[in-house]
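>>> Give me a 3D structure for the following:
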Amino acid sequence: MDSMKTYSGGCHCGAVRFEVRAPAEPVVHDCNCSMCARAGTLHLIVPKADFRLLQGADQLTTYTFNTGVARHMFCRTCGIKSFYAPRSNPDGYSVNFRCLDGHAGIAARVVPFDGQHWEQAIREQGKLGNRA
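Predicted coordinates:
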């Protein structure tokens with residue numbers, strides 16, 4: 001297993017800041033669902049215990065749709081969704097890899113995920129994430 005590292009990140013305006021513990025060379029998922037494709041999200045899935053919101057809880061607003069299970073949290077000021085509670089992994093968070101400080105210098109492996117056919121993709125690929 002990759003060694004673990006703590007990364008920091010946040011929204012565009014800086015109102016929301018977080019830390020996340022993840023592999024030094026994480027796997028990130030490039031989803032083609034209607035929301036992720038529009039936003040350009042690269043998902044870094046982590047357990048709740050490996051995520052810590054440092055500031056900005058009062059700046060977050062939540063959007064849900066369809067089943068209402070996923071909780072998409074956006075900064076009220078700049079509109080960026082730097083993390084959310086995904087339907088695919090309700091015991092964790094999906095951090096937008098592109099919202100990590102210095103993300104361009106992190107050696108990540110990008111894996112496509114067919115979010116347009118979510119249920120079938122989860123059956124075929126299993127639960128998303130960096131750990132077995």
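
>>> which residues does the nearest residue to residue 63 once chain neighbours are set aside bridge with?
In this structure, residue 63 finds its nearest non-sequential neighbour in residue 72, 4.4 Å apart by C-beta to C-beta, 6 or more residues apart in numbering. In this view, the C-beta of every residue, glycine as well, is placed from N, C-alpha and C. Bridge pairing for residue 72 (DSSP bridges) gives the partners residue 63, residue 84.

>>> What segments of this structure are helices?
Along the chain, counting by DSSP state H, helices occupy 34-39, 118-125.

>>> Check these for me: which has the lowest mean pLDDT.
Here the helices of the chain differ in mean pLDDT, and the lowest is helix 118-125 at a mean of 70.

>>> What's the local residue count around residue 16?
Residue neighbour count, defined by other C-beta atoms under 10 Å, stands at 28 for residue 16.

>>> now do residue 48
Residue 48 sits with 12 neighbouring residues when counted by other C-beta under 10 Å.

>>> same question, the one 10 residues further on
Neighbourhood size, residue 58 [other C-beta under 10 Å]: 8.

>>> Please apply the same query to residue 76.
Using other C-beta under 10 Å, residue 76 has 14 neighbouring residues.

>>> for it, phi and psi?
Dihedral pair for residue 76: phi -60, psi -30, per degrees, to the nearest 10.

>>> Who are the contact partners of it?
Under the criterion of C-beta atoms under 8 Å, 6 or more residues apart in numbering, the neighbours of residue 76 are 15, 59, 60, 61.

>>> try 10 Å
11, 13, 15, 16, 56, 58, 59, 60, 61 (C-beta atoms under 10 Å, 6 or more residues apart in numbering).

>>> pLDDT added to those residues, as TSV?
TSV is the format used below for the contacts of residue 76 (pLDDT from 0 to 100):
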residue	pLDDT
11	98
13	98
15	98
16	98
56	98
58	97
59	97
60	96
61	95
